[in-house]
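A.B. asks: quick one, what's the 3D model for this:
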Amino acid sequence: MSNFKAMKRRYLAYFSVWAVVYIEFIGRFVFPIAMIGGMVKSEAECKESTTIKQEASRSFCWGENTQSLILGAYFYGYTAQPIPAFVAKKITGYTNFYRFWLVCAAAIQFSIPVMAKVSSTLVIVSQVIRGFVAGIMACYNFDFVARWVLASDKEFVIGGFGMLASIGCGTSGFLSGIISTKLGWEYIFYFSGSLFLLGLLLNILFVQNSPKNAWYLTQEEVDTICNEKDQSTSIDQKDDSLISLLCRVYLPAFCIYTIAFNFIIYNLLNVLPFYLNRVLQASTIFLSYLNLGVFLLMGITTFLAIFLVQFTDRYLSWLYSRMVFIVVPMALQVLFAIALPYVSSPTGGLIMVALIAVTGSTIFSGGLFLVNYEMDPKNAAFLISIFNSMGQMSGFIGPILMTQMTHTPIDTMNFDTIYKQKWSYFFFMTSGIAAIACLAIILVYIIKPGEWVNKSIHLAKTKKDQNNEADGKEKELIHEIENEIEGEVKIIRTDEEEVTRKDSTEHIDQTIDKDDVIIKNPSHL
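C.D. replies: Residues are numbered from 1 along each chain as shown. Reported below is the predicted structural model:
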């Protein structure tokens, strides 16, 4: 692939946006480690009044309900951002809005230790805002693709979003655990806030509103990017209204699919350690390495899937290729969820988790996020804000369902058998959600296949046709000029021939005259 053969300066912009994705996903999962690492007291510690007085400045007596509200508040905020994001794009553009919320994210992370001392309600509100910020970032990433990324780079850049998100999930707990152990839970948030400021700095330096304003790009790259983007803008000048975007037939199916995907990734991969520990007796060390390994595996396979997409595109049409990457992985998730209750060892659980992670990695590379951009590059940012925000609801709905479905009092007769059976019901429900997602995608295509068009290819084809038309006109002009030149050459040749003929005639006449003189006057001989 030409993208990987030569590193161009525009990759500084790509890497800067990737860095913020990584930073966001590190910040997203620091709270559970902070709570475990000393932020929240155990129930026994809270009952000892002397301990509370001595350590009130660093640890807090938050009940299970308060803790669950704090962990779920992020996802409430995420679901609230689509319409504000759409308005922000119209008024200020995503870049200014994005940078403002990066500053807010940094400020929130730095102030969490202080807010925790004042009130748990402040912490909950701050996490709602953090979720809102994350939603804005997701919009911006695809707006960046529309403004900056060449068509030949889009699989690489969008796949990179998924890769860095997965790696961020995997390393968040690892880094937070080290910081909490060495320095204290407060420094987890200071570390996260510092990373957001670093992301802001990278964005200011390397990601301008337009490549024309990027000080580090070569003129060749600026011309290449701007020509491609200007051509697409001139072809696709229609400004879609909010209502027309919300009335897209495929949008509800994308929402269902994203809810199912997040239910699997956020909940199956996050609650599976509990299942492996309580039902299959997996050790804590095993689970800690499992969590790190699973998300790193997702990051690697997301990157490798970029090449797989390009390979399938050579042999399948765009529609069939994308359907393979959307429907097949989700269908496999159905089978994996059904098989989970029959796993009887931690090793078997490890294999199942790895399979779930690998098949889940295609949502960026070849899957829904790439398809969303290809079907409508201009409005991809807003559309992803809709279905991705709906998908985030799995973050707070999933744990509630899991708790309700698997809760078993310890004094229940045949506890182990009943507890495992309840987990089976949870896994079967998950497989049903995945199956509904597959059917939704297939159904909306059957209802309105006209919406399933690779608009980015259409724009490129239109551009090619226009270039061919221009080339044709240029060839016509050249042909006319050649004809004119050829005509002029013929005229010149005719004139030359006429001159030559006249010269020859005059020479003959002169010769005849001489002969006449000799004949009439022989004395000249």
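
A.B. asks: and I178, how close does it get to G184?
C.D. replies: 12 Å (CB to CB, to the nearest Å). For every residue, glycine as well, the C-beta is placed using N, CA and C.

A.B. asks: hmm, I typed the wrong one, I wanted L242.
C.D. replies: From L242 to G184 the distance is 47 Å (CB to CB).

A.B. asks: one more: Q392?
C.D. replies: 30 Å.

A.B. asks: mind checking which of those two has more residues around it?
C.D. replies: Q392 (25 against 16; other CB atoms under 10 Å).

A.B. asks: without its sequence neighbours, what residue ends up closest to the residue nearest the centre of the chain?
C.D. replies: Taking CA atoms, centre = their mean, the centroid of the chain lies closest to I158, which sits 3.9 Å from it. Nearest residue to I158, sequence neighbours excluded (CB to CB, 6 or more residues apart in numbering): L370, at 5.1 Å.

A.B. asks: returning to what we had before: wait, the residue nearest to the centre of the chain sits on E374?
C.D. replies: No. The criterion here is CB atoms under 8 Å, and I158 misses it with E374 at 9.4 Å.

A.B. asks: burial of the residue nearest to I158, as a residue count?
C.D. replies: Residues near L370, counting by other CB under 10 Å: 28.

A.B. asks: pLDDT wise, what is it at?
C.D. replies: At L370, the model reports a pLDDT of 88.

A.B. asks: quick one: contacts for it?
C.D. replies: Going by CB atoms under 8 Å, 6 or more residues apart in numbering, L370 touches 154-155, 158-159, 309, 322, 325, 364.

A.B. asks: so which of those belong to strands?
C.D. replies: If you go by DSSP state E, these have nothing in strands.

A.B. asks: dump those into a markdown table; add distance to V20 and pLDDT as well.
C.D. replies: Compiled in a markdown table, the contacts of L370 are given as follows (distance: CB to CB, whole Å; pLDDT from 0 to 100):
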| residue | distance to V20 | pLDDT |
| --- | --- | --- |
| K154 | 18 | 86 |
| E155 | 20 | 85 |
| I158 | 15 | 89 |
| G159 | 16 | 88 |
| V309 | 24 | 88 |
| R322 | 27 | 90 |
| F325 | 25 | 92 |
| F364 | 16 | 82 |
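
A.B. asks: need those residues in CSV (columns: distance to T224).
C.D. replies: Converted to CSV, the contacts of L370 look like this (distance: CB to CB, whole Å):
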residue, distance to T224
K154, 14
E155, 18
I158, 19
G159, 21
V309, 23
R322, 26
F325, 28
F364, 25
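
A.B. asks: and these, which is closest to V444?
C.D. replies: Nearest to V444 among the contacts of L370: R322, at 13.3 Å, using CB to CB.

A.B. asks: what are the boundaries of the strands in the stretch 201-350 of the chain?
C.D. replies: Under the criterion DSSP state E, counting those that start in this stretch, the stretch 201-350 of the chain contains no strands.

A.B. asks: tell me how far the residue nearest to the centre of the chain lies from T302.
C.D. replies: Between I158 and T302 the distance, using CB to CB, works out to 10 Å.

A.B. asks: so what sits against both of the two?
C.D. replies: In the contact map built from CB under 8 Å, 6+ apart, the residues linked to both I158 and T302 are 364-365.
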